[in-house]
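Enquirer: Just the structure for this:
(2 chains)
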Amino acid sequence: MGLADILIKFGLILIIFVISLVMAMYSTYAERKVAAFFQDRIGPNRAGPWGILQPLADGGKMFLKEEIIPTNATPFLFIVGPSLAILTACIGSAVIPWGQTMLIGGYPVDLQVTDINVGVLYIFGVVSLGVYGVMIGGWASNNKYSLLGAIRAASQNISYEISMGLSIIALLMLTGTLSLREIAEQQHSWHWNVLRQPIGFILFIVCAFAETNRTPFDLPECETELVGGYHTEYSSMKLGFYLFAEYINMFISSAVMATLYWGGYNYPGMDWVAAHTGPALGPLIGVGIFFIKIILFIFFFMWVRWTIPRFRYDQLMDLGWKILIPLAIANIVLTGVGSTLLTHFGY
Amino acid sequence: MSTFYFIAFLSIFFSILVISAKNPVHSILYLILTFFTFTIHYILMNAQFLAIVNFIVYMGAILVLFLYTLMLINLNKDSEPVKPFMIKFAGVFGGGILAVALAASLKSLGASDPVILKNPDLGLVKNLGKVLFNEFLLPFEVSSVLLLSAMVGAVLLATKDPKTAA
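Expert: Sure thing, here's the model as predicted:
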């Protein structure tokens, strides 16, 4: 690997990092605007034209607030909690293929940080690590409500990880690879996996909601029961990190869903576009399409949040263990039988 | 090789911290770090699948449940059992004897030959899957029965006995 390649990778990592942060920032703005739209209000409109500077104002406010570490908290772990939350949120993007390989002046530029051959499992690893930020923060706060929030987060994440993994197995039976790059390449043009795995996709998106702690699964911070849940004791930018991590997680899980099920950077007619725009611009249009898909998913996350009320905790567990897991196993059996029959009859 | 020694040092360092930490929750957190160094060991041995499975299953699930349990139980100083001096002494003595026996038996084995893999890509998912489902199919399936029986046992223990339930 030459110096140029290293510089390109470094630049790509930097760009992805900045994009994740900007997406998260403007997701907070979009969330309020979407909420306003659903509730027939105007939403933030004071900071800048249409309120588009609102995220900056919020960020500034977060930095300037007083930083409080409760007397009986464990100081080190109290700081580790939010740091871990934002760290795990940011490292998930490393294996996502953002676009096809670009040719700039004949030099290939790979739009993926790293293509490890267990890419899907890497995403799972990062997701399962994400709960530690919440758990450690909630425990270190030394507060009953925080502890209850942390415990809810732990059991919820573990329960939904299982059905998420099972829903992915059915997909992997069809793709035959764990590399996200290869999965994206297989969905060329309109051969999107959602057409072959509709049940798997529905299971996956429900679990993604649970894993990112979004409504209707936001019981770890359920404010009607637990004050503020695991981040009750947090103030200033440490609270900001928790809130920010949620939006970055939303962005990453939208990207993963778009890659696994909705074709990633592929779109119908991409060959025609690529032939007419050249090897540098063609992949960039693909990246644009990919981001449109991601933004639609983020909108869907918000749409659900402002439409469906929160579950009760026993309902959440019932849904996870008694409905989603059996459904996921049935989906695996169906996929296995279906694909064997199709190969047998020569399709 | 120096990476291996560094990571091996970290593994041992964190595992000592696991048993020496005063607070059980801290001890679990050190255990998480220990398992993380194991993951790095697997990666150094080019066993990507094992590495990531160790990461997901041990770090991401089992230790979360450990932490979960520890957070729920009462960990006050006064609920901690005080052990008499003799028991502590007996523990240290027994452990020392075991260490001597282990060291002696390892020494009699002589220097081990470093294992050289015929196929360095053995740890990749594709190869591992083929080996598991061809050569080792029976033990693999039998171990799944073992897991199933463990699960049934856990459910049986957790459900209330209909006869004794009021």
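
Enquirer: all contacts plus neighbour counts: C-alpha atoms, from now on.
Expert: OK.

Enquirer: quick one: low-confidence ranges for chain B?
Expert: B:74-81, B:110-123, B:161-166 (pLDDT under 70).

Enquirer: Scan it for its longest helix.
Expert: Scanning chain B for the helix with the most residues, using DSSP state H, yields helix B:85-109.

Enquirer: Tell me the secondary structure at residue 46.
Expert: No chain in the question, so chain A it is. Here residue A:46 is coil, with the state taken from DSSP: H, G, I helix; E, B strand; the rest coil.

Enquirer: That was the other one, I meant chain B.
Expert: Judged by three-state DSSP, the three-state class of residue B:46 is coil.

Enquirer: what residues go with each domain of chain B?
Expert: As given by the TED database, the domain ranges for chain B are B:1-74, B:125-160.

Enquirer: interface residues of the stretch 51-200 of chain A facing chain B?
Expert: Contact residues (CA under 8 Å from any CA of the partner chain) of the stretch 51-200 of chain A with chain B: A:118, A:121-122, A:124-125, A:128-129, A:132, A:139, A:147, A:151, A:154-155, A:158.

Enquirer: Chain A: helices as residue ranges?
Expert: Using DSSP H, helices in chain A cover A:3-38, A:54-64, A:75-91, A:119-140, A:144-175, A:180-186, A:193-196, A:198-211, A:223-226, A:236-260, A:270-305, A:313-318, A:325-344.

Enquirer: any chance of these in TSV, plus mean neighbour count?
Expert: Output for these, formatted as TSV (neighbours: other CA atoms under 10 Å in any protein chain shown):
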stretch	mean neighbour count
helix A:3-38	16
helix A:54-64	15
helix A:75-91	20
helix A:119-140	25
helix A:144-175	23
helix A:180-186	21
helix A:193-196	17
helix A:198-211	21
helix A:223-226	14
helix A:236-260	23
helix A:270-305	17
helix A:313-318	13
helix A:325-344	15
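
Enquirer: Residue B:126: which of the ones you listed is closest?
Expert: With CA to CA as the criterion, residue B:126 lies closest to helix A:144-175 of the helices of chain A, at 12.4 Å.

Enquirer: and that closest one, how far from the chain's centre?
Expert: 13 Å (CA atoms, centre = their mean, to the nearest Å).

Enquirer: Tell me the helices and strands packed up against it.
Expert: For helix A:144-175, the elements it packs on are helix A:119-140, helix A:198-211, helix A:223-226, helix A:313-318, helix A:325-344, helix B:63-72, judged by 3 or more CA pairs under 8 Å, 6 or more residues apart in numbering or on different chains; DSSP states H and E.

Enquirer: again, 7 Å this time
Expert: Packed against helix A:144-175, as judged by 3 or more CA pairs under 7 Å, 6 or more residues apart in numbering or on different chains; DSSP states H and E, are the following elements: helix A:119-140, helix A:198-211, helix A:325-344, helix B:63-72.

Enquirer: residues in contact with the third one?
Expert: To tie it back to what came earlier, the one meant is helix A:325-344. Residues from elsewhere that reach helix A:325-344, judged by CA atoms under 7 Å, 6 or more residues apart in numbering or on different chains: A:163, A:166-167, A:170, A:199-200.

Enquirer: mind checking pLDDT for the spatially most central residue of chain A?
Expert: Compute the mean C-alpha point of chain A, and by CA atoms, centre = their mean the closest residue is residue A:253, 2.0 Å away. Residue A:253 is assigned a predicted lDDT (pLDDT) of 89.

Enquirer: List the contacts of it.
Expert: By CA under 7 Å, 6+ apart, residue A:253 lies in contact with residue A:208.

Enquirer: how near is it to chain B?
Expert: For residue A:253, the distance to chain B equals 17 Å [CA to the nearest CA, to the nearest Å].

Enquirer: List the contacts of residue A:43.
Expert: The contact partners of residue A:43, taken as CA under 7 Å, 6+ apart, are A:32-33, A:36.

Enquirer: Stretch A:49-57: how far from the chain's middle?
Expert: Worked out by CA atoms, centre = their mean, stretch A:49-57 lies 24 Å from the chain centre.

Enquirer: Show the end-to-end separation of that stretch, please.
Expert: Taking CA to CA, to the nearest Å, the first and last residues of stretch A:49-57 lie 13 Å apart.

Enquirer: Contacts for that stretch next, please.
Expert: Residues contacting stretch A:49-57 (CA under 7 Å, 6+ apart): A:25-26, A:28-29, A:44-45, A:47.

Enquirer: now the residues you listed in CSV, with distance to residue B:131 and pLDDT?
Expert: Shown next, in CSV, are the contacts of stretch A:49-57 (distance: CA to CA, whole Å; pLDDT from 0 to 100):
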residue, distance to residue B:131, pLDDT
A:25, 47, 87
A:26, 48, 88
A:28, 49, 87
A:29, 52, 88
A:44, 59, 84
A:45, 62, 83
A:47, 62, 81
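
Enquirer: I'd guessed residue A:320 sits against residue A:159; true?
Expert: Yes. With contact defined as CA atoms under 7 Å, residue A:320 reaches residue A:159; the gap is 6.2 Å.

Enquirer: how about the residues of chain B near chain A?
Expert: Counting by CA under 7 Å from any CA of the partner chain, the residues of chain B lying close to chain A are B:52, B:55-56, B:60-61, B:64, B:68.
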